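>>> Any chance you could fold what I've pasted below:
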Amino acid sequence: MIPALPPLDWAAVLTVLPEPGYVVLPDFIPASLVTALRHELREQEVSGRFHAAGIGRGAAQQIQRQIRGDRIAWLEASWPAAAAYLQLLDDLRQQLNRELFLGIAEYEAHYACYEPGNGYGRHIDRHVSMAGSGQGQRVISTVCYLNEPGWPADAGGELVLYPEGATPLSVTPEAGTLVVFRSDSMAHEVLPANQQRLSIAGWMRTRD
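Predicted coordinates for the structure are as follows:
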């Protein structure tokens, strides 16, 4: 049973996404939900729902572990903790549409598990597609960390954001931290860690 969650204050996100295009919110996701999500991730892992993540889209997708080393399981609304998280992020989607007129139609997300030594090379989340292909576009990216509280300072696994024309920003994967950034312009990478690293990666996108 997932406890009822109060509405979250998304003001910090609404004010910065136009410029500089990212925000880091430590301890933002309620601890009770983070714990439930971590347990659910473990349950889905035991049930065999995780698979190696690929790079690229559609028929062009490839598994290249030297570039991207996580295993993933897409969140389903029938999973209790996932449903609560998806609802929280859908609230943000609706506010972004009201305030910034982004035309976002949906939010999708997956659990991600990085084993020690694995990372994800520098990239941008919006896939290049042919004009007129009818494919939806990723507009906003999110990362939520599900590690046990007290991530060691020497464990690695940071998310590094590369704002254009600015100093790179390193984000420690502390439990409950939420990172929100623009999919079209924010290059980023996941550094390898020396212990297992758990998170949810998600994207708000226009409709196909």
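>>> List the buried residues of the longest helix along the chain.
In the chain, assigned by DSSP state H, the helix with the most residues is helix 80-100. Buried residues in helix 80-100, counted by 16 or more other CB atoms under 10 Å: Ala81, Ala82, Ala84, Tyr85, Leu86, Leu88, Leu89, Leu92, Arg93, Leu96. For glycine as for every other residue, the C-beta is placed from the backbone atoms N, C-alpha and C.
>>> Take the residues you listed and write them to CSV, including distance to Pro163.
What follows is these, written out as CSV (distance: CB to CB, whole Å):
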residue, distance to Pro163
Ala81, 32
Ala82, 30
Ala84, 31
Tyr85, 26
Leu86, 28
Leu88, 25
Leu89, 22
Leu92, 21
Arg93, 23
Leu96, 19
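>>> Nearest to Ala12 among those?
Proximity of these to Ala12 (CB to CB) peaks at Leu92, which lies at 11.0 Å.
>>> Now do stretch 22-30, average pLDDT.
For stretch 22-30, mean pLDDT rounds to 95.
>>> Output it as CSV, restricted to C-alpha atoms.
Extracted in CSV, the C-alpha atoms of stretch 22-30 (Å, rounded to 0.1, in the frame of the first residue of the first chain):
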residue,chain,number,x,y,z
TYR,A,22,17.9,22.2,-15.9
VAL,A,23,17.2,22.0,-12.2
VAL,A,24,18.5,19.7,-9.4
LEU,A,25,16.1,19.0,-6.5
PRO,A,26,17.8,17.2,-3.6
ASP,A,27,15.5,15.2,-1.3
PHE,A,28,12.5,16.1,-3.4
ILE,A,29,10.7,12.8,-3.9
PRO,A,30,9.1,11.7,-0.5
